[in-house]
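# Sequence plus the predicted model coming up.
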Amino acid sequence: MLDDRETIKYIRLAKTGDSEAKERLISENVSLVKCIVKRYLGKGVEYDDLFQIACMGFLKAIAGFDETFGVKFSTYAVPMIAGEIKRFMRDDGSVKVSRAIKQTAKEMNAFVEEYVLKNGKQPSVSKIAEQFGLDEAETVFVMGSSKMPLSLYGGTDYKDGKERELIETLPANDHQEDWLDRMLLRGAIDGLSERDRKIIILRYFRDMTQSEVAERIGVSQVQVSRIESRIIKEFRQKLSG
């Protein structure tokens, strides 16, 4: 891949309308684009279509990138590409919900109802996935694909008198946001203090829990949580502003 200096050079050229510079940037970052595309496969859109949409997001990232952001271009491009794909899936209506998926969603909702009656609590996403022989990402997609009487986005009353959406009660392990944070933080680690850098590496690249990290570096779990939240918040603010 291009180094930071070369990347900036080609971005400047691309912004003047240089098509060869745009093509060079895409070709040098194609592995990054493909990595993001793979995260959205199996949701009703063909790979080639997703790749084209991702490239559109990549071009928007070129147009919107500001050198004063103080972040690597690839780090800035990741949420732009992912956002373009998500908007397409949400707004374009391209995800065609088949009768089979609708039927499965109905069966899942019935399973959830029955499980709650028997066990007095909501089943986890992994439990539903196991019941229907799907992975957890597919399970979440199917349940959200049809507005059934009991859906991920339907209101559910609890003993505390508050209404929550079912999706808030399911301890999903899809970690889509964790994956995106991981990609974003990879490019920001160098600018962190030694302690902050160690926390992020252990949390996002060694898959340790906050409690495990706290024990490793000698602080409380609450401190780890606060530090982690601060770093991600500051970094996202830097990207957006």
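Thanks, I have the structure now.
# Which parts of the protein are strands?
Ranges of strands within the chain are 155-157, 163-165, based on DSSP state E.
# And stretch 60-79, what's buried?
For stretch 60-79, the buried set under the neighbour-count rule, 16 or more other Cβ atoms under 10 Å, comprises 61-62, 65, 71-79. No exception for glycine: its C-beta is placed from N, CA and C like everyone else's.
# can you check stretch 14-31 too?
14, 21-22, 24-26, 29.
# okay, and for this structure, where does confidence drop off?
Residue ranges of the chain with pLDDT under 70: 1, 69, 91-100, 137, 140-141, 144-191, 205, 236-241.
# domain parsing for it?
Domain ranges of the chain: 4-91, 99-169, 188-240, per automatic domain parsing.
# ok now the last one, how far from the chain's centre?
For domain 188-240, the gap between its own C-alpha mean and the chain's C-alpha mean amounts to 18 Å (Cα atoms, centre = their mean, to the nearest Å).
# Repeat that for the first one.
How far domain 4-91 lies from its chain's middle: 16 Å, per Cα atoms, centre = their mean.
# re the thing from before, among the buried residues of stretch 14-31, which lie within helices?
Mapping the buried residues of stretch 14-31 onto helices (DSSP state H) picks out 14, 21-22, 24-26.
# Throw the residues you listed into JSON lines and include distance to residue 234, thanks.
JSON lines is the format used below for these (distance: Cβ to Cβ, whole Å):
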{"residue": "14", "distance to residue 234": "28"}
{"residue": "21", "distance to residue 234": "31"}
{"residue": "22", "distance to residue 234": "31"}
{"residue": "24", "distance to residue 234": "32"}
{"residue": "25", "distance to residue 234": "27"}
{"residue": "26", "distance to residue 234": "30"}
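# Pick the one among those residues closest to residue 87.
Closest to residue 87 out of these is residue 26 (19.6 Å), distances taken as Cβ to Cβ.
# ok, that closest one - contacts?
33, 55, 58-59 (Cβ atoms under 8 Å, 6 or more residues apart in numbering).
# Turn these into TSV, columns for neighbour count and distance to residue 106.
Converted to TSV, those look like this (neighbours: other Cβ atoms under 10 Å; distance: Cβ to Cβ, whole Å):
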residue	neighbour count	distance to residue 106
33	19	36
55	18	37
58	23	38
59	18	40
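# quick one: which of those residues is nearest residue 42?
Closest to residue 42 out of the contacts of residue 26 is residue 33 (17.8 Å), distances taken as Cβ to Cβ.
# Quick check: the gap between the closest one and residue 60.
Residue 33 is 13 Å from residue 60, where distance means Cβ to Cβ, to the nearest Å.
# same thing with residue 109?
37 Å.
# do the same with residue 3
23 Å.
# and residue 79, how far is that from residue 226?
In terms of Cβ to Cβ, residue 79 sits 23 Å off from residue 226.
# And for residue 126?
The spacing between residue 126 and residue 226, counted by Cβ to Cβ, is 29 Å.
# More neighbours: which of these two?
Neighbour count, other Cβ atoms under 10 Å: between residue 126 and residue 226, residue 126 has more, with 15 against 12.
# Thought residue 132 was touching that one, still the case?
No. Counting by Cβ atoms under 8 Å, residue 126 sits too far from residue 132 to count as a contact (11.4 Å).
# just the helices in this structure please.
Along the chain, counting by DSSP H, helices occupy 4-15, 19-28, 30-38, 47-64, 73-91, 99-119, 125-132, 136-143, 166-169, 176-186, 194-200, 210-217, 221-240.
# quick one, which of those is packed in tightest?
Stretch with highest mean neighbour count among the helices of the chain: helix 136-143 (a mean of 22; mean count of other Cβ atoms under 10 Å).
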